[in-house]
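In: For reference, the sequence and a predicted model appear below.
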Amino acid sequence: MHVQIYEPFRGGHHTNYLAALIPSLIARRERGDIDRITVTISRAHLDSPNYAEQLSPFEGEVDFDPSIGSVDAGVPVRERLRLARVLEAAVDRCRPDALVLTTGDHDTLAAAMRPLSRVHRITGKTRVVAMVHAGYAGLADTPASRVKDLLYQIALRRAPWQKLLLVNPLNYEWAARAGLPADQIGVLPDPVPPIAPRERSEARAHLGLPQDGRLVGYVGATDGRKAIPQLIAAFRTVAGPDERLAMIGRLSTEHRALIEGAHGDLVGSGRLVLIDRFLDTAEFEAGLCALDVVAPLHYRRAELSANVLKAVAVRRPIFADCFGYTGWLIDKFALGTCGDVRDPESLATALRAVLDRSATYSSSAAAERLVRFHLPDNYAATVEEAIGLPPIPGRAAPISWAHVIDPKSRG
């Protein structure tokens, strides 16, 4: 079997999804289940630090095919159609038995644009597994998001692929209610490597953070999607004298200016602690472990931030916005407390609640199943099963989302 992976974008989860899947496919090739592995990416991805750090170790084991060219990050309609033609040409050239679209959203939308796009014809040549990250699952509440939601729904209904792996379980539930065949849809784990537990004191010492008092914070680089102003405002409103807010990771220019201008008093008093720089993996994980409450607070978004899953992996309570997959997940698995990012009083109340409960927080059995579901090995096994690779004797079947929700389920 020849397996081709197609990923037009780079960095973040785009690179992470490749890095989590490739080693498992290499092991499958060594078993004789696969003959060849081709990874089609862009030239910019090949030349990026992400490639050098995460993918270059696999050179010689897989065929990297940098044939996609430059990609318009905005992905307008004309770009979707161009990428569909690039995809069709790549499949014609490589002639795989199975094709994995690790960012299948745009290709799925393009496939629905018949006859403008011919990408749906690929399924006549190969088995296609598309990973779909976006979608509102009917939760859209603005004119623009409602239009996008309608387009996503049309695309999923018209998707020609043999398998749709949906990262958001709410989208999976919508697709099931919409009548998509059960054997065509599934929930895809978002691969989160295991994080070794560390005592708070050890993690704080590693980063030079104060040892005393409660610490709530955001870990990672900030940008316009992160509700940093609202986080600081909620902290100002309800935090006690022995509680601190930490921003651990590189700040955006806008957030740095905000803190220096409006919140310099918090920094000067030591109530707002800044580690404003790039974090390596060990520092990022230490940042999560150093906190009493992890606050991956975003402006309203239907999708889930991977940082939420990383907070779950280190068994820390979460403070986040109540909208979409994030809010549903936190409520469903008792992972912390949510507030409405549009309502300062709601946020402040939620932050106070999660701070007060942080000392007694413990990870539930359901949360532990959630952690295991999202391990990279389970992600890879789920994709392999979708491709149609045979089970490995002696290895358990991948953990399903149904089992996460109900441990008695084997579905």
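Out: The structure has been received and is ready for your questions. Numbering: from 1, shown residues only.
In: quick one: buried residues of stretch 271-281?
Out: The neighbour-count check on stretch 271-281 (16 or more other Cβ atoms under 10 Å) flags 271-275, 279 as buried. No exception for glycine: its C-beta is placed from N, CA and C like everyone else's.
In: correction: stretch 43-58
Out: Neighbour counts over stretch 43-58 (16+ other Cβ under 10 Å) mark 44-46, 48, 50-51, 54-55, 58 as buried.
In: ok, now stretch 290-302?
Out: Buried, per 16+ other Cβ under 10 Å, within stretch 290-302: 290-298, 300-302.
In: and of the residues you listed, the nearest to residue 355?
Out: The shortest approach to residue 355 among the buried residues of stretch 290-302 belongs to residue 293, at 6.0 Å (Cβ to Cβ).
In: excluding its backbone neighbours, what's nearest that closest one?
Out: residue 216 (4.1 Å; Cβ to Cβ, 6 or more residues apart in numbering).
In: Next one: the residue positioned nearest the centre of the chain from residue 380, what distance?
Out: Centroid check for the chain by Cα atoms, centre = their mean gives residue 306 as the closest residue, at 4.0 Å. As judged by Cβ to Cβ, to the nearest Å, residue 306 and residue 380 stand 16 Å apart.
In: same check, this time on residue 409
Out: Separation of residue 409 from residue 380 (Cβ to Cβ) stands at 22 Å.
In: Pick out whichever of those two has more residues nearby.
Out: Neighbours per residue, other Cβ atoms under 10 Å: of residue 409 and residue 380, the larger number sits with residue 380, 22 against 11.
In: Give the helix, strand or coil label for that one.
Out: The three-state assignment at residue 380 reads helix, by DSSP: H, G, I helix; E, B strand; the rest coil.
In: Now for it: which residues touch it?
Out: 20-21, 23-25, 191 (Cβ atoms under 8 Å, 6 or more residues apart in numbering).
In: confidence score at it?
Out: Per-residue confidence (pLDDT) for residue 380: 97.
In: if I look at it, how far off is residue 81?
Out: To residue 81, residue 380 is 31 Å away according to Cβ to Cβ.
In: same check, this time on residue 16
Out: 27 Å.
In: for residue 323, same thing?
Out: Taken as Cβ to Cβ, the span from residue 323 to residue 81 is 31 Å.
In: Wasn't the residue nearest to residue 293 part of a helix?
Out: No: looking at residue 216 with three-state DSSP, it is strand, so not inside a helix.
In: Now do the strands in the chain.
Out: Here the chain has its strands, by DSSP state E, at 2-6, 36-40, 63-65, 98-101, 127-132, 163-166, 185-187, 214-219, 243-248, 272-275, 293-294, 318-321, 336-339.
In: Using a markdown table, lay out those together with mean pLDDT and distance to residue 385.
Out: As requested, these are exported to a markdown table (pLDDT from 0 to 100; distance: least, Cβ to Cβ, whole Å):
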| stretch | mean pLDDT | distance to residue 385 |
| --- | --- | --- |
| strand 2-6 | 97 | 13 |
| strand 36-40 | 98 | 17 |
| strand 63-65 | 97 | 23 |
| strand 98-101 | 96 | 12 |
| strand 127-132 | 96 | 10 |
| strand 163-166 | 96 | 9 |
| strand 185-187 | 97 | 9 |
| strand 214-219 | 98 | 33 |
| strand 243-248 | 98 | 37 |
| strand 272-275 | 98 | 41 |
| strand 293-294 | 98 | 32 |
| strand 318-321 | 97 | 30 |
| strand 336-339 | 97 | 32 |
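In: Using a markdown table, lay out the ones you listed together with distance to residue 395.
Out: Below are these laid out as a markdown table (distance: least, Cβ to Cβ, whole Å):
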| stretch | distance to residue 395 |
| --- | --- |
| strand 2-6 | 19 |
| strand 36-40 | 20 |
| strand 63-65 | 26 |
| strand 98-101 | 19 |
| strand 127-132 | 20 |
| strand 163-166 | 20 |
| strand 185-187 | 19 |
| strand 214-219 | 34 |
| strand 243-248 | 37 |
| strand 272-275 | 41 |
| strand 293-294 | 33 |
| strand 318-321 | 32 |
| strand 336-339 | 34 |
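In: hmm, back to that, pick the one among the buried residues of stretch 271-281 closest to residue 227.
Out: Nearest to residue 227 among the buried residues of stretch 271-281 is residue 272, at 15.6 Å by Cβ to Cβ.
In: wait, isn't the closest one in contact with residue 262?
Out: No: the pair residue 272 and residue 262 does not pass the contact test of Cβ atoms under 8 Å, sitting 10.9 Å apart.
In: so how many other residues sit close to residue 177?
Out: Neighbours of residue 177 under the rule other Cβ under 10 Å: 10.
In: residues touching the residue nearest to the centre of the chain, list them.
Out: The contact partners of residue 306, by Cβ under 8 Å, 6+ apart, come to 13, 16, 190, 192.
In: Among those, name the ones in helices.
Out: Using DSSP state H, the members of those that fall in helices are 13, 16.
In: Average pLDDT for stretch 346-353, rounded please.
Out: Stretch 346-353 shows a mean pLDDT of 98.
In: CA-only coordinates of that stretch in PDB, if you can.
Out: Only the C-alpha atoms of stretch 346-353 are listed here, as PDB (Å, rounded to 0.1, in the frame of the first residue of the first chain):
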ATOM      1  CA  SER A 346     -19.600  36.500  34.200                       C
ATOM      2  CA  LEU A 347     -15.800  36.200  33.700                       C
ATOM      3  CA  ALA A 348     -15.000  37.600  37.100                       C
ATOM      4  CA  THR A 349     -17.400  35.300  38.800                       C
ATOM      5  CA  ALA A 350     -16.100  32.300  37.000                       C
ATOM      6  CA  LEU A 351     -12.500  33.200  37.800                       C
ATOM      7  CA  ARG A 352     -13.200  33.600  41.500                       C
ATOM      8  CA  ALA A 353     -15.000  30.200  41.500                       C
END
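In: buried set for it?
Out: Buried residues in stretch 346-353, counted by 16+ other Cβ under 10 Å: 346-353.
In: List of residues touching it?
Out: 216, 230-231, 233-235, 237-239, 293, 295, 297, 319, 322, 337-341.
In: That stretch: how far from the chain's middle?
Out: Remark: stretch 346-353 is offset 25 Å from the chain centroid, using Cα atoms, centre = their mean, to the nearest Å.
In: Please apply the same query to stretch 35-52.
Out: Worked out by Cα atoms, centre = their mean, stretch 35-52 lies 20 Å from the chain centre.
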